[in-house]
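> predicted structure and sequence below. I'll ask about it afterward.
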Amino acid sequence: MARRITPSQFNSMIRQAQQKQRQAVDNYNRAVRKARQAVDDYNREVRAHNQRVDHAIANYNAKVSAHNARVRADRQRRRNELVRLGRQAATPQYLTFRVSVETVQQSYTRLEQHAETTELDERFAPYLDLSEREAANSAGVMNALLGETPELSSAEPDAPESELTPVLNAISGDLGARWQGALYSLSPRNPDAARHFCTSAREIVALILDKKAPDADVATAIPNCERTPRGTPTRRAKIRFFLRRKGLDDSNLEDFVESDMENVVDLFQIFNDGTHGSAGKFTLVQLQAIRKRVEDGVLFLSQ
């Protein structure tokens, strides 16, 4: 016999069914909202990712464009400086240094031709670009010493801001301090500015070689390396040690770095020998060119 349901029980059953239906609808709506939120979050992450990618690409393209512009500028600057230098008559005062500058240019030309005819590893690319800048700087400082205004100069020769300072600080705090002292001495008001600056810079070059290429390490890595009369590895041997450690062992690059460093050292020697201008000191333009030559040269060596 079927169980009879009272009206109140029937109404209760209806309410329970309606409540379950509302709960089911609420659960469904909650799930839909959660799914929509997940989709929104995903889309937001996608948009943010795409923005980061676009930003990274834009930054990369900007850096590439800036780099290419600098390379083109250095190439044109080197050409312009060589044209200026070609118009200058050789003077006994700077004859040795001019020969050194010409050696740098010949060495760079060989390096450039080697790079064009040989598939060098892409790791060489930044050093080839820096080599061209060095070649331009060497011609520029020669022109400045001979009275020509170089194409590129800094605002003030003794300005303390320098991209070389943090590089030297990373090697040794003492190197960074020495460089700041060298810059301080390069004041146009200092009649012996160039000699003081180059004396300090020469010490910095020697310290970089000693710290980053100790004699014992070079002798161990290259047992048959060239040696000085004292029996220690030469600067060229230390340069080869640097290049091998970076996987850049190439005789043409080695030749250029050696000729470039020799040119910087020859510049130092001018002032150690007391070779000065007729007024006993150098002009603002000459001091600017000297700083540019030495600053970039030491940066080149440290890199």
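That came through, no problem.
> can you name every helix or strand that the least confident helix or strand in the chain by mean pLDDT contacts?
Scoring the helices and strands of the chain by mean pLDDT, DSSP states H and E places helix 7-87 at the bottom, with a mean of 80. Helix 7-87 makes packing contacts with helix 125-145 when contacts are defined by 3 or more CB pairs under 8 Å, 6 or more residues apart in numbering; DSSP states H and E. The C-beta positions use only the backbone N, C-alpha and C, and glycine is treated the same way.
> how far off helix 7-87 does the helix it packs on point, in degrees?
With axes from the mean of the first three to the mean of the last three CA atoms, to 10 degrees applied, the angle from helix 125-145 to helix 7-87 works out at 40 degrees.
> any buried residues in helix 125-145, and which?
Neighbour-count burial for helix 125-145, counted by 16 or more other CB atoms under 10 Å, picks out 127-145.
> how far away from the center of its chain is it?
A distance of 14 Å separates the C-alpha centroid of helix 125-145 from that of its chain, computed with CA atoms, centre = their mean, to the nearest Å.
> what helices and strands are in contact with that helix?
helix 7-87, helix 95-117, helix 251-272, helix 284-302.
> contacts for the next helix-or-strand element following it?
Following helix 125-145 in sequence order, the next helix or strand is helix 164-171 (DSSP states H and E). For helix 164-171, the surrounding residues in contact (CB atoms under 8 Å, 6 or more residues apart in numbering) are 175-176, 178-180, 204, 208, 211-212, 295, 298-299, 302-303.
> one more: stretch 116-134?
67, 70-71, 74-75, 78, 104, 108, 111-112, 114-115, 246-248, 250, 253, 256-257, 260, 296-297, 300, 303.
> using PyMOL, make a named selection holding only the buried ones among those.
Typed into PyMOL, the line below selects the buried ones among the contacts of stretch 116-134, using 16+ other CB under 10 Å:
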select buried, resi 74+75+78+104+108+111+112+114+115+248+250+253+256+257+260+296+297+300
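> around Ile204, how many other residues sit close by?
By the criterion of other CB atoms under 10 Å, Ile204 has 24 neighbours.
> secondary structure element holding it?
helix 193-212.
> in stretch 211-229, which residues are buried?
In stretch 211-229, counting by 16+ other CB under 10 Å, buried: 212-213, 215, 218-219, 225.
> for stretch 172-179, same thing?
By neighbour count on 16+ other CB under 10 Å, the buried set for stretch 172-179 is 175-176, 178-179.
> quick check: mean pLDDT of that stretch?
Per-residue pLDDT over stretch 172-179 has a mean of 90.
> what sits up against that stretch?
With contact meaning CB under 8 Å, 6+ apart, stretch 172-179 is reached by 162, 164-166, 168-169, 200-201, 203-204, 207-208, 211, 298.
> show the pLDDT at the spatially closest residue to Glu81 that is not a sequence neighbour.
Among residues not flanking Glu81 along the chain, Ala139 sits closest, at 3.7 Å (CB to CB, 6 or more residues apart in numbering). Looking at Ala139, its pLDDT stands at 94.
> and Glu112, by the same measure?
91.
> what's near enough to touch it?
For Glu112, the contact set (CB under 8 Å, 6+ apart) comprises 128, 132.
> so how far is Asn252 from it?
Relative to Asn252, Glu112 is positioned 9 Å away (CB to CB, to the nearest Å).
> check what pLDDT Gly280 gets.
Gly280 is assigned a pLDDT of 50 by the prediction.
> what about the residue nearest to Ala221 when sequence neighbours are not counted, which helix or strand?
Of all residues not flanking Ala221 in the chain, Phe241 sits nearest, at 5.7 Å (CB to CB, 6+ apart). Element membership for Phe241 (DSSP H and E) is helix 235-245.
> name the helices or strands packed onto that helix?
On a contact count with 3+ CB pairs under 8 Å, 6+ apart, helix 235-245 meets helix 193-212, helix 215-221, helix 251-272.
> export the shortest one to CSV, keeping only CA atoms.
Same thing as helix 215-221. The C-alpha coordinates for helix 215-221 follow below in CSV (Å, rounded to 0.1, in the frame of the first residue of the first chain):
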residue,chain,number,x,y,z
ASP,A,215,103.7,35.2,-14.5
ALA,A,216,103.4,31.8,-13.0
ASP,A,217,100.0,31.1,-14.6
VAL,A,218,101.2,32.3,-18.0
ALA,A,219,104.3,30.1,-17.8
THR,A,220,102.3,27.1,-16.8
ALA,A,221,99.7,27.6,-19.6
